[in-house]
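Undergrad: Predicted model and sequence follow; I will ask about them next.
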Amino acid sequence: MLESAGTPRSLAAYRGVLTPQQFDAPAAEIAALAKGCAIHDLGWLRRVQVRGADRFRWLSGMVTNTVNDLFPNTGAWNLVLNAQGRIQGDLTVWRDGEEQSPQRRTPDPDAQRKTDPMLGTPFAGESGLELEIEAGQFEKLMAHLNQFIIMDDVELVPLGEESVCGAGAETAIGVTGPLTPDVLERLGLPVFANTMKRTRIEWNGLDLTMDRGYGALAPHYVFWVPCSGLQKFWSCIRTAGAMPVGCASLEAFRIAEGIPVYGIDIAERDLPQETAQLRALNFNKGCYLGQEIVERIRSRGSVHRHLRHVELEAEPGGPVPVPEFGTELQLADGSRVGRICSAAELPLDKGSRIYALAVIQAEAEAKEETLHYASAAGKGTARIQASPPVL
């Protein structure tokens, strides 16, 4: 669609696919994400349906967050571990809407759940389960998950992979920003009050799946759209007030929100608690692959390093340099206490600000000393963020 447009767009590799890098000036795109409404490509997302009678039990044993106790039309972000508790990737689990299952219609569903905790909620076991996986992780995670389907009645079925012209082809479009609810209401689309909600709707002749994902600074909506209706959907959202933005601004905004990406901020060697992403962990769900390590860390109460959200500032007399991946963080005495994973500059109305995600030693955090770094552009300091910033 973009290639056939009057103004060609430069494409960049991002999260395993080619996607538009920029539509407008960076300041205008960041303003749309932080204070307005932005529409953007999410073509790096893939959907996988989990089928089979054992899907709830099996999937619960493969991921770190709740599966059985998800309410209908809700989701949860998960880490996928190996037996040593090391992170193999991340994904989102979505549970579809459902009817109550005949075998679960009891006068006292709580009593039933105590008898068999794997039954989960009193809602039906017939509801669908889906995985949402980034393209850059898709083959690795599918291979990892499939090797653990042994005697289970489970099948992982990728969705929407037909050719672009195929009847079943689909792609994902994002709509992000604090004014997103206003834009959706103008088009007669639903608005969710809470995150990690999902619905399926028919809108202007298009069958859409609509999610509201996690966001620290603004609402994040995902629309799964048939490729045949993509141009129509994109045009309608734009007309309602959304501004197109490219992956460069999306990357800067997600760093400002402190949302990590696997393969950049989270690595295969990492343990779950080292990422400080407790929203991906559920400590009451029962056994899963790698759980023993997670529980051992929990009982001992600490790890030696954490992934932290930091704001970068200039050393006296100089500009604020944007550090490269792997730039070391040091204390004033030169001790190495961490490294930068990802960093980005956000051009804002009151001046640019630079945020980063960094791995920092727990001992250095406890000292509460200023962290220093040096890059090719100059020197700066890093300050850990206790809460999401106000842009």
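TA: Thanks, I have it.
Undergrad: Determine the number of other residues adjacent to the closest residue to G258 other than its chain neighbours.
TA: Nearest residue to G258, sequence neighbours excluded (C-beta to C-beta, 6 or more residues apart in numbering): H309, at 3.4 Å. Yep, even glycine has a C-beta here, placed from its N, CA and C like the rest. The local packing of H309 (other C-beta atoms under 10 Å) involves 23 other residues.
Undergrad: could you check the distance from H309 over to A332?
TA: With distances taken as C-beta to C-beta, to the nearest Å, H309 is found 22 Å from A332.
Undergrad: can you check H372 too?
TA: From H372 to A332 the distance is 7 Å (C-beta to C-beta).
Undergrad: what about the two, which has more around it?
TA: More crowded of H372 and A332, by other C-beta under 10 Å: H372, with 17 against 10.
Undergrad: State the helix or strand in which the more buried one lies.
TA: Secondary structure assignment for H372, by DSSP states H and E: strand 371-375.
Undergrad: now K285
TA: For K285, there is no host helix or strand (DSSP H and E).
Undergrad: Then the one 10 residues further on?
TA: E295 belongs to helix 291-300 when elements are defined using DSSP H and E.
Undergrad: Strands of the stretch 151-300 of the chain, residue ranges please.
TA: Here the stretch 151-300 of the chain has its strands, by DSSP state E, counting those that start in this stretch, at 155-159, 170-176, 197-203, 206-213, 220-226, 243-244.
Undergrad: what about those strands, which gets the closest to E134?
TA: strand 170-176 (10.7 Å; C-beta to C-beta).
Undergrad: thinking G168 is in contact with G160, fair?
TA: Yes. Shown here, G168 and G160 form a contact pair, counting by C-beta atoms under 8 Å, at 6.1 Å.
Undergrad: Same drill for the two, tell me which one is more crowded.
TA: Set G168 next to G160 and count neighbours by other C-beta under 10 Å: G160 wins out with 18 against 12.
Undergrad: what bits of the stretch 51-200 of the chain have low per-residue confidence?
TA: For the stretch 51-200 of the chain, the stretches with pLDDT under 70 are 98-125, 162-167.
Undergrad: mind listing the helices for it?
TA: With DSSP state H, counting those that start in this stretch as the definition, the stretch 51-200 of the chain shows helices at residue ranges 55-60, 109-115, 135-146, 180-186.
Undergrad: now those as CSV including mean neighbour count?
TA: Below are the helices of the stretch 51-200 of the chain laid out as CSV (neighbours: other C-beta atoms under 10 Å):
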stretch, mean neighbour count
helix 55-60, 21
helix 109-115, 13
helix 135-146, 17
helix 180-186, 18
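Undergrad: okay if I get those as JSON lines plus distance to I30?
TA: Below are the helices of the stretch 51-200 of the chain laid out as JSON lines (distance: least, C-beta to C-beta, whole Å):
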{"stretch": "helix 55-60", "distance to I30": "37"}
{"stretch": "helix 109-115", "distance to I30": "46"}
{"stretch": "helix 135-146", "distance to I30": "24"}
{"stretch": "helix 180-186", "distance to I30": "15"}
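Undergrad: Any chance of a markdown table for the strands of the stretch 151-300 of the chain, columns mean neighbour count and distance to A358?
TA: Shown next, in a markdown table, are the strands of the stretch 151-300 of the chain (neighbours: other C-beta atoms under 10 Å; distance: least, C-beta to C-beta, whole Å):
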| stretch | mean neighbour count | distance to A358 |
| --- | --- | --- |
| strand 155-159 | 14 | 35 |
| strand 170-176 | 22 | 24 |
| strand 197-203 | 15 | 32 |
| strand 206-213 | 19 | 24 |
| strand 220-226 | 23 | 23 |
| strand 243-244 | 19 | 30 |
